[in-house]
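A.B. asks: sequence? don't have it. structure:
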Ligand SMILES: CC(C)(COP(=O)(O)OP(=O)(O)OC[C@H]1O[C@@H](n2cnc3c(N)ncnc32)[C@H](O)[C@@H]1OP(=O)(O)O)[C@@H](O)C(=O)NCCC(=O)NCCS
């Protein structure tokens, strides 16, 4: 089983596994913000307890080496979460998801984090595909994917439920970066 690095650093970020004790800081940084969660698969959290339960599941993934591996993104040199990125490994593919506190949007931080992990993924001999999808209207997220060198593959129609936008599954854009076969 492939296991991503528990910690990584980029030029401006330190990434570490979440802990249950991070729930209040995560709530304050991004998880309660309806603007942030607009296109996500979860509704904004309104209290610490359910968020702590969610973080406990992520802790368990690191313990068992299975499921969704999530990191909290912190300004380098701090332990203070400002966002999160996660991945699920299935066969030769790694799928990513990410979220950043609104105060930190527009500085290229998420492309920095995602680009690092895409680089890690495609350096693994067992991984051939790094990919992500987002709501078709989430232009900022499409841009993040493109800035990491992913290519737009197409639209997955009626693919993803955004509970903040209604009860029906919505169209999504899927992007990927793949390792080419040696010539
Ligand atoms: C998507 C998100 C992670 C972007 O992170 P970020 O660190 O702010 O990304 P960037 O700083 O690279 O900025 C986003 C890019 O999208 C562009 N952009 C932002 N809003 C846009 C819009 N409405 N239309 C077109 N482009 C837009 C920006 O101009 C920038 O591109 P540029 O550098 O070429 O100018 C952040 O906005 C976020 O957390 N959003 C809420 C959660 C979310 O949607 N996650 C993705 C789920 S798949």
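C.D. replies: Everything's here; your move. Every value quoted in this text rests on a predicted model; they were computed, and no experiment measured them.

A.B. asks: Could you tell me how many residues sit around residue 49?
C.D. replies: 10 (other Cβ atoms under 10 Å). Using the backbone N, CA and C atoms, a C-beta is placed for each residue, glycine as well.

A.B. asks: With the one 10 residues further on instead?
C.D. replies: Other residues lying near residue 59 total 16 when counted by other Cβ under 10 Å.

A.B. asks: which residues of the protein fall in strands?
C.D. replies: Assigned by DSSP state E, the strands in the chain fall at 8-9, 13-16, 68-75, 83-90, 93-100, 129-135, 151-160, 170-178.

A.B. asks: Put together JSON lines for those strands, with mean pLDDT and distance to the ligand on each row.
C.D. replies: Formatted as JSON lines, the strands of the chain follow (pLDDT from 0 to 100; distance: least, Cβ to the nearest ligand atom, whole Å):
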{"stretch": "strand 8-9", "mean pLDDT": "98", "distance to the ligand": "16"}
{"stretch": "strand 13-16", "mean pLDDT": "98", "distance to the ligand": "10"}
{"stretch": "strand 68-75", "mean pLDDT": "98", "distance to the ligand": "10"}
{"stretch": "strand 83-90", "mean pLDDT": "98", "distance to the ligand": "6"}
{"stretch": "strand 93-100", "mean pLDDT": "98", "distance to the ligand": "4"}
{"stretch": "strand 129-135", "mean pLDDT": "98", "distance to the ligand": "3"}
{"stretch": "strand 151-160", "mean pLDDT": "98", "distance to the ligand": "9"}
{"stretch": "strand 170-178", "mean pLDDT": "98", "distance to the ligand": "8"}
